[in-house]
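Novice: predicted structure and sequence below. I'll ask about it afterward.
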Amino acid sequence: MKRREFISLLGGVAAWPLTARAQQAAMPVIGFLHSASAAAFAAALAAFRKGLSDAGYVEGQNVAIEYRWAEGQNDRLPTLAAELVRRRVAVIVTPGSTVATLAAKAATATIPIVFSVGTDPVKIGLVASFNRPGGNATGINDFGVGLGAKRLGLLHELLPRAARFGVLVNPDNPLVTESIVAELQTAAQAIGRQIEVVAARTNGDIDTAFATLVEKRADALLPSPDPLFVTRRVQLITLAVRHALPALYHRRELAEAGGLMSYGSDLPDQYHQAGVFVGRILKGEKPSEMPVQLPTRSSSSSTCKPPRRSASQFRLRCSPAPMR
(Lines give C-alpha, C1' and ligand atoms only; values in the text may rest on other atoms or scores of the structure.)
Protein backbone atom coordinates (compact mmCIF):
# COMPACT_ATOMS: atom_id res chain seq x y z
CA MET A 1 0.00 0.00 0.00
CA LYS A 2 1.31 3.46 -0.90
CA ARG A 3 2.08 5.92 1.89
CA ARG A 4 -0.55 8.43 0.68
CA GLU A 5 -3.30 5.76 0.58
CA PHE A 6 -2.36 4.55 4.08
CA ILE A 7 -2.61 8.08 5.52
CA SER A 8 -5.99 8.57 3.83
CA LEU A 9 -7.24 5.29 5.32
CA LEU A 10 -6.16 6.33 8.81
CA GLY A 11 -7.90 9.66 8.38
CA GLY A 12 -11.14 7.91 7.43
CA VAL A 13 -10.98 5.58 10.46
CA ALA A 14 -10.40 8.52 12.79
CA ALA A 15 -13.39 10.33 11.31
CA TRP A 16 -15.85 7.49 12.02
CA PRO A 17 -16.31 8.23 15.75
CA LEU A 18 -16.63 11.95 14.99
CA THR A 19 -19.32 11.25 12.40
CA ALA A 20 -21.22 9.00 14.83
CA ARG A 21 -21.05 11.65 17.54
CA ALA A 22 -22.24 14.32 15.13
CA GLN A 23 -25.22 12.19 14.10
CA GLN A 24 -26.08 11.52 17.75
CA ALA A 25 -25.82 15.21 18.59
CA ALA A 26 -28.22 16.05 15.74
CA MET A 27 -30.82 13.54 16.97
CA PRO A 28 -33.83 15.31 18.55
CA VAL A 29 -34.41 14.56 22.23
CA ILE A 30 -37.86 14.13 23.80
CA GLY A 31 -38.31 14.85 27.48
CA PHE A 32 -40.75 12.41 29.14
CA LEU A 33 -42.10 13.61 32.50
CA HIS A 34 -44.46 11.60 34.72
CA SER A 35 -45.55 11.61 38.35
CA ALA A 36 -45.61 7.81 38.76
CA SER A 37 -43.18 4.96 38.03
CA ALA A 38 -42.23 3.26 34.77
CA ALA A 39 -43.13 -0.29 35.87
CA ALA A 40 -46.83 0.52 36.19
CA PHE A 41 -47.08 2.01 32.71
CA ALA A 42 -45.15 -0.46 30.54
CA ALA A 43 -48.05 -1.14 28.14
CA ALA A 44 -48.83 2.57 27.85
CA LEU A 45 -45.17 3.34 27.09
CA ALA A 46 -45.23 0.76 24.30
CA ALA A 47 -48.25 2.55 22.85
CA PHE A 48 -46.43 5.89 23.07
CA ARG A 49 -43.47 4.49 21.16
CA LYS A 50 -45.88 3.04 18.58
CA GLY A 51 -47.38 6.51 18.12
CA LEU A 52 -43.89 7.93 17.61
CA SER A 53 -43.14 5.17 15.12
CA ASP A 54 -46.34 5.90 13.20
CA ALA A 55 -45.13 9.50 12.94
CA GLY A 56 -41.75 8.33 11.61
CA TYR A 57 -39.62 8.33 14.78
CA VAL A 58 -37.99 5.30 16.41
CA GLU A 59 -36.29 5.61 19.80
CA GLY A 60 -32.55 5.05 19.49
CA GLN A 61 -32.55 5.41 15.70
CA ASN A 62 -33.67 8.94 14.85
CA VAL A 63 -34.91 10.20 18.22
CA ALA A 64 -33.79 9.95 21.84
CA ILE A 65 -35.97 10.05 24.97
CA GLU A 66 -34.94 11.39 28.38
CA TYR A 67 -37.23 9.83 31.01
CA ARG A 68 -38.00 11.50 34.33
CA TRP A 69 -40.25 9.59 36.76
CA ALA A 70 -41.23 11.16 40.08
CA GLU A 71 -42.06 7.73 41.59
CA GLY A 72 -45.18 9.10 43.28
CA GLN A 73 -43.35 12.06 44.84
CA ASN A 74 -45.05 14.99 43.16
CA ASP A 75 -42.84 17.52 44.92
CA ARG A 76 -39.95 16.28 42.73
CA LEU A 77 -41.69 17.26 39.50
CA PRO A 78 -40.53 20.93 39.32
CA THR A 79 -36.89 19.82 39.68
CA LEU A 80 -37.30 17.08 37.07
CA ALA A 81 -38.98 19.51 34.67
CA ALA A 82 -36.15 21.99 35.16
CA GLU A 83 -33.64 19.24 34.31
CA LEU A 84 -35.36 18.63 30.99
CA VAL A 85 -35.38 22.33 30.21
CA ARG A 86 -31.63 22.56 30.92
CA ARG A 87 -31.17 19.51 28.70
CA ARG A 88 -32.75 21.60 25.91
CA VAL A 89 -35.09 18.87 24.80
CA ALA A 90 -37.08 19.46 21.61
CA VAL A 91 -40.44 18.69 23.25
CA ILE A 92 -41.72 17.60 26.68
CA VAL A 93 -44.48 14.99 26.90
CA THR A 94 -46.52 14.53 30.08
CA PRO A 95 -49.14 11.84 29.37
CA GLY A 96 -51.74 11.02 31.99
CA SER A 97 -50.40 13.36 34.67
CA THR A 98 -51.92 16.77 35.37
CA VAL A 99 -49.34 17.65 38.03
CA ALA A 100 -46.47 16.77 35.67
CA THR A 101 -48.05 18.91 32.95
CA LEU A 102 -48.37 21.90 35.27
CA ALA A 103 -44.74 21.46 36.39
CA ALA A 104 -43.58 21.45 32.76
CA LYS A 105 -45.72 24.47 31.94
CA ALA A 106 -44.24 26.37 34.87
CA ALA A 107 -40.70 25.43 33.80
CA THR A 108 -40.89 26.66 30.20
CA ALA A 109 -42.95 28.94 28.00
CA THR A 110 -41.05 28.06 24.82
CA ILE A 111 -40.40 24.31 24.66
CA PRO A 112 -43.46 22.52 23.18
CA ILE A 113 -45.45 20.42 25.67
CA VAL A 114 -47.72 17.49 24.76
CA PHE A 115 -50.08 16.52 27.58
CA SER A 116 -52.87 14.10 28.38
CA VAL A 117 -54.93 15.39 31.30
CA GLY A 118 -58.22 14.45 32.90
CA THR A 119 -59.15 17.99 33.88
CA ASP A 120 -60.32 20.74 31.53
CA PRO A 121 -57.06 22.16 30.03
CA VAL A 122 -58.69 25.54 29.44
CA LYS A 123 -59.95 25.80 33.01
CA ILE A 124 -56.51 25.09 34.51
CA GLY A 125 -54.71 27.48 32.15
CA LEU A 126 -52.85 25.05 29.88
CA VAL A 127 -54.45 26.31 26.66
CA ALA A 128 -56.53 29.27 25.53
CA SER A 129 -59.10 27.07 23.80
CA PHE A 130 -59.51 23.53 22.50
CA ASN A 131 -59.38 24.53 18.84
CA ARG A 132 -56.55 27.06 19.11
CA PRO A 133 -54.39 26.34 22.18
CA GLY A 134 -52.38 29.49 21.52
CA GLY A 135 -49.28 28.72 23.60
CA ASN A 136 -46.60 26.06 23.84
CA ALA A 137 -48.90 23.23 25.00
CA THR A 138 -51.45 20.92 23.38
CA GLY A 139 -52.55 17.30 23.69
CA ILE A 140 -55.46 15.16 24.83
CA ASN A 141 -58.28 15.75 27.33
CA ASP A 142 -59.28 12.27 28.56
CA PHE A 143 -62.24 13.26 30.81
CA GLY A 144 -60.71 11.47 33.80
CA VAL A 145 -62.32 13.95 36.18
CA GLY A 146 -65.48 14.76 34.20
CA LEU A 147 -66.70 11.17 34.39
CA GLY A 148 -66.89 11.09 38.19
CA ALA A 149 -70.67 11.54 38.25
CA LYS A 150 -71.07 8.78 35.65
CA ARG A 151 -68.98 6.38 37.74
CA LEU A 152 -71.04 7.18 40.82
CA GLY A 153 -74.21 6.55 38.82
CA LEU A 154 -72.92 3.16 37.68
CA LEU A 155 -72.12 2.11 41.25
CA HIS A 156 -75.54 3.32 42.34
CA GLU A 157 -77.17 1.16 39.63
CA LEU A 158 -75.10 -1.83 40.73
CA LEU A 159 -75.68 -1.19 44.46
CA PRO A 160 -79.01 0.66 44.75
CA ARG A 161 -79.06 0.31 48.55
CA ALA A 162 -75.62 1.84 49.02
CA ALA A 163 -75.96 5.03 51.06
CA ARG A 164 -72.33 6.14 51.53
CA PHE A 165 -69.60 6.15 48.88
CA GLY A 166 -65.95 6.41 49.80
CA VAL A 167 -63.75 8.66 47.65
CA LEU A 168 -59.99 8.06 47.75
CA VAL A 169 -57.91 11.09 46.68
CA ASN A 170 -54.26 12.09 46.42
CA PRO A 171 -53.63 15.30 48.42
CA ASP A 172 -50.51 15.97 46.33
CA ASN A 173 -52.69 16.45 43.24
CA PRO A 174 -54.91 19.31 44.47
CA LEU A 175 -56.52 20.38 41.17
CA VAL A 176 -57.77 16.89 40.38
CA THR A 177 -58.77 16.30 44.01
CA GLU A 178 -60.80 19.51 44.28
CA SER A 179 -62.53 18.91 40.94
CA ILE A 180 -63.45 15.28 41.57
CA VAL A 181 -64.69 15.91 45.13
CA ALA A 182 -66.90 18.81 44.01
CA GLU A 183 -68.30 16.74 41.14
CA LEU A 184 -69.05 13.72 43.31
CA GLN A 185 -70.60 15.79 46.10
CA THR A 186 -73.05 17.30 43.62
CA ALA A 187 -73.84 13.92 42.05
CA ALA A 188 -74.32 12.23 45.43
CA GLN A 189 -76.67 14.95 46.68
CA ALA A 190 -78.75 14.60 43.52
CA ILE A 191 -79.54 10.96 44.37
CA GLY A 192 -79.79 11.45 48.12
CA ARG A 193 -76.49 9.79 48.96
CA GLN A 194 -73.32 10.80 50.84
CA ILE A 195 -69.61 10.65 50.10
CA GLU A 196 -66.77 10.10 52.54
CA VAL A 197 -63.44 11.58 51.38
CA VAL A 198 -60.18 9.96 52.49
CA ALA A 199 -56.68 10.96 51.38
CA ALA A 200 -53.57 8.88 50.70
CA ARG A 201 -50.13 9.46 49.24
CA THR A 202 -48.25 6.38 50.52
CA ASN A 203 -48.89 2.66 51.02
CA GLY A 204 -49.41 3.26 54.73
CA ASP A 205 -51.88 6.05 53.98
CA ILE A 206 -53.89 3.72 51.74
CA ASP A 207 -54.11 1.12 54.52
CA THR A 208 -55.32 3.83 56.91
CA ALA A 209 -57.82 5.17 54.37
CA PHE A 210 -59.45 1.75 53.98
CA ALA A 211 -59.63 1.33 57.75
CA THR A 212 -61.37 4.71 57.97
CA LEU A 213 -63.87 3.77 55.26
CA VAL A 214 -64.71 0.54 57.08
CA GLU A 215 -65.13 2.47 60.33
CA LYS A 216 -67.39 5.01 58.57
CA ARG A 217 -69.40 2.12 57.10
CA ALA A 218 -68.83 3.07 53.46
CA ASP A 219 -70.75 0.82 51.04
CA ALA A 220 -68.52 1.28 47.96
CA LEU A 221 -65.38 3.03 46.77
CA LEU A 222 -64.49 5.49 43.99
CA PRO A 223 -60.73 6.11 43.79
CA SER A 224 -59.79 9.44 42.24
CA PRO A 225 -58.42 9.32 38.65
CA ASP A 226 -54.82 9.74 39.76
CA PRO A 227 -51.68 7.98 38.42
CA LEU A 228 -50.75 7.15 42.01
CA PHE A 229 -53.65 4.72 42.27
CA VAL A 230 -52.76 3.02 38.99
CA THR A 231 -49.29 2.45 40.43
CA ARG A 232 -50.78 1.12 43.70
CA ARG A 233 -53.47 -0.96 41.99
CA VAL A 234 -52.48 -4.30 43.53
CA GLN A 235 -52.73 -2.85 47.03
CA LEU A 236 -56.07 -1.16 46.27
CA ILE A 237 -57.61 -4.31 44.81
CA THR A 238 -56.31 -6.49 47.64
CA LEU A 239 -57.75 -4.18 50.30
CA ALA A 240 -61.07 -3.82 48.47
CA VAL A 241 -61.45 -7.62 48.39
CA ARG A 242 -60.33 -8.00 52.01
CA HIS A 243 -62.89 -5.47 53.23
CA ALA A 244 -65.62 -6.55 50.74
CA LEU A 245 -65.76 -2.99 49.45
CA PRO A 246 -66.99 -2.81 45.82
CA ALA A 247 -64.90 -0.31 43.85
CA LEU A 248 -65.21 1.31 40.43
CA TYR A 249 -61.91 2.49 38.93
CA HIS A 250 -61.04 4.94 36.16
CA ARG A 251 -58.64 2.63 34.28
CA ARG A 252 -59.34 -0.79 32.79
CA GLU A 253 -55.89 -1.93 33.99
CA LEU A 254 -57.35 -2.11 37.50
CA ALA A 255 -60.32 -4.24 36.42
CA GLU A 256 -57.98 -6.51 34.49
CA ALA A 257 -55.83 -6.84 37.61
CA GLY A 258 -58.84 -8.10 39.59
CA GLY A 259 -60.85 -4.99 40.45
CA LEU A 260 -64.65 -5.10 40.25
CA MET A 261 -65.07 -2.79 37.27
CA SER A 262 -63.76 0.32 35.54
CA TYR A 263 -65.17 3.06 33.37
CA GLY A 264 -63.00 5.48 31.45
CA SER A 265 -61.07 6.24 28.31
CA ASP A 266 -58.41 3.88 26.96
CA LEU A 267 -54.97 4.64 28.45
CA PRO A 268 -52.76 3.08 25.72
CA ASP A 269 -54.79 4.94 23.11
CA GLN A 270 -54.04 8.25 24.83
CA TYR A 271 -50.34 7.45 24.95
CA HIS A 272 -50.44 6.50 21.27
CA GLN A 273 -52.07 9.83 20.43
CA ALA A 274 -49.44 11.63 22.49
CA GLY A 275 -46.69 9.88 20.51
CA VAL A 276 -48.28 11.00 17.23
CA PHE A 277 -48.56 14.57 18.54
CA VAL A 278 -44.88 14.59 19.49
CA GLY A 279 -43.93 13.32 16.04
CA ARG A 280 -45.94 16.07 14.36
CA ILE A 281 -44.21 18.71 16.47
CA LEU A 282 -40.78 17.28 15.67
CA LYS A 283 -41.70 17.64 11.99
CA GLY A 284 -42.39 21.34 12.46
CA GLU A 285 -46.02 21.78 13.52
CA LYS A 286 -46.70 24.36 16.22
CA PRO A 287 -48.57 23.30 19.38
CA SER A 288 -50.36 26.66 19.38
CA GLU A 289 -52.13 25.60 16.16
CA MET A 290 -52.80 21.92 17.03
CA PRO A 291 -56.30 21.47 18.52
CA VAL A 292 -56.63 19.55 21.76
CA GLN A 293 -58.10 16.12 21.04
CA LEU A 294 -60.59 13.94 22.88
CA PRO A 295 -60.23 10.17 23.39
CA THR A 296 -60.58 8.24 20.12
CA ARG A 297 -60.77 4.63 21.34
CA SER A 298 -64.29 3.27 20.90
CA SER A 299 -65.15 -0.03 22.59
CA SER A 300 -67.15 -1.58 25.42
CA SER A 301 -66.97 -4.79 27.40
CA SER A 302 -68.94 -5.95 30.40
CA THR A 303 -69.60 -9.01 32.51
CA CYS A 304 -71.75 -7.07 34.97
CA LYS A 305 -74.66 -4.64 34.61
CA PRO A 306 -73.87 -2.26 31.72
CA PRO A 307 -74.46 1.50 31.73
CA ARG A 308 -77.79 2.63 30.27
CA ARG A 309 -76.28 5.65 28.52
CA SER A 310 -72.64 4.99 27.68
CA ALA A 311 -70.53 7.31 25.53
CA SER A 312 -68.96 5.18 22.81
CA GLN A 313 -65.40 6.31 23.48
CA PHE A 314 -65.41 4.93 27.01
CA ARG A 315 -65.09 1.40 28.31
CA LEU A 316 -66.86 -0.45 31.10
CA ARG A 317 -64.70 -3.35 32.26
CA CYS A 318 -65.84 -5.76 34.94
CA SER A 319 -64.40 -8.73 36.78
CA PRO A 320 -65.74 -10.85 39.64
CA ALA A 321 -65.26 -9.42 43.12
CA PRO A 322 -67.09 -9.74 46.42
CA MET A 323 -70.05 -7.43 46.89
CA ARG A 324 -72.23 -6.68 49.86
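Specialist: Okay, I see it.
Novice: just the element for residue 129, please.
Specialist: Using DSSP states H and E, no element contains residue 129; it sits outside every helix and strand.
Novice: what separates the closest residue to residue 226 other than its chain neighbours from residue 30, distance-wise?
Specialist: Leaving aside its chain neighbours, residue 226 sits nearest to residue 170 (4.4 Å; criterion: Cβ to Cβ, 6 or more residues apart in numbering). Every residue, glycine included, has its C-beta placed from N, CA and C. In this view, residue 170 and residue 30 are 26 Å apart by Cβ to Cβ, to the nearest Å.
Novice: is residue 75 in contact with residue 171, as I believe?
Specialist: No. Assessed by Cβ atoms under 8 Å, residue 75 is found out of contact with residue 171, at 11.6 Å.
Novice: I'd say residue 270 and residue 95 touch.
Specialist: Yes. Counting by Cβ under 8 Å, residue 95 is a contact partner of residue 270 at 6.2 Å.
Novice: need the contact list for residue 190.
Specialist: With contact set as Cβ atoms under 8 Å, 6 or more residues apart in numbering, residue 190 has no partners.
Novice: residue 43 looks like it's in a strand, true?
Specialist: No. The assignment for residue 43, made by DSSP: H, G, I helix; E, B strand; the rest coil, is helix rather than a strand.
Novice: confidence score at residue 185?
Specialist: Confidence at residue 185, expressed as pLDDT, is 96.
Novice: and the closest residue to it other than its chain neighbours, what are its bridge partners?
Specialist: Closest residue in space to residue 185, ignoring its immediate chain neighbours: residue 195 at 6.0 Å, by Cβ to Cβ, 6+ apart. For residue 195, the beta-bridge partners under DSSP bridges are residue 165.
Novice: i'd like the first residue to be 11 from this point on
Specialist: That works, and once the first residue is 11, the last one we named lands at residue 205.
Novice: residue 205 contacts residue 194, doesn't it?
Specialist: Yes. Under the contact definition of Cβ under 8 Å, residue 205 touches residue 194, with a separation of 5.2 Å.
Novice: state the distance from the residue most central in space within the chain to residue 199.
Specialist: Geometric centre of the chain, nearest residue: residue 106, 1.6 Å, by Cα atoms, centre = their mean. Between residue 106 and residue 199 the distance, using Cβ to Cβ, works out to 30 Å.
Novice: over to residue 244?
Specialist: Distance from residue 244 to residue 199, by Cβ to Cβ: 33 Å.
Novice: over to residue 290?
Specialist: To residue 199, residue 290 is 43 Å away according to Cβ to Cβ.
Novice: those two: which has the busier surroundings?
Specialist: When residue 290 is set against residue 199 and neighbours are counted by other Cβ atoms under 10 Å, the residue ahead is residue 290, at 19 against 11.
Novice: OK, contacts around the residue nearest to the more buried one when sequence neighbours are not counted?
Specialist: For residue 290, the nearest residue in space outside its immediate sequence neighbours is residue 65; the separation is 6.3 Å by Cβ to Cβ, 6+ apart. Residues counted as contacts of residue 65 (Cβ under 8 Å, 6+ apart) are 285, 286, 288, 289, 290, 292, 293.
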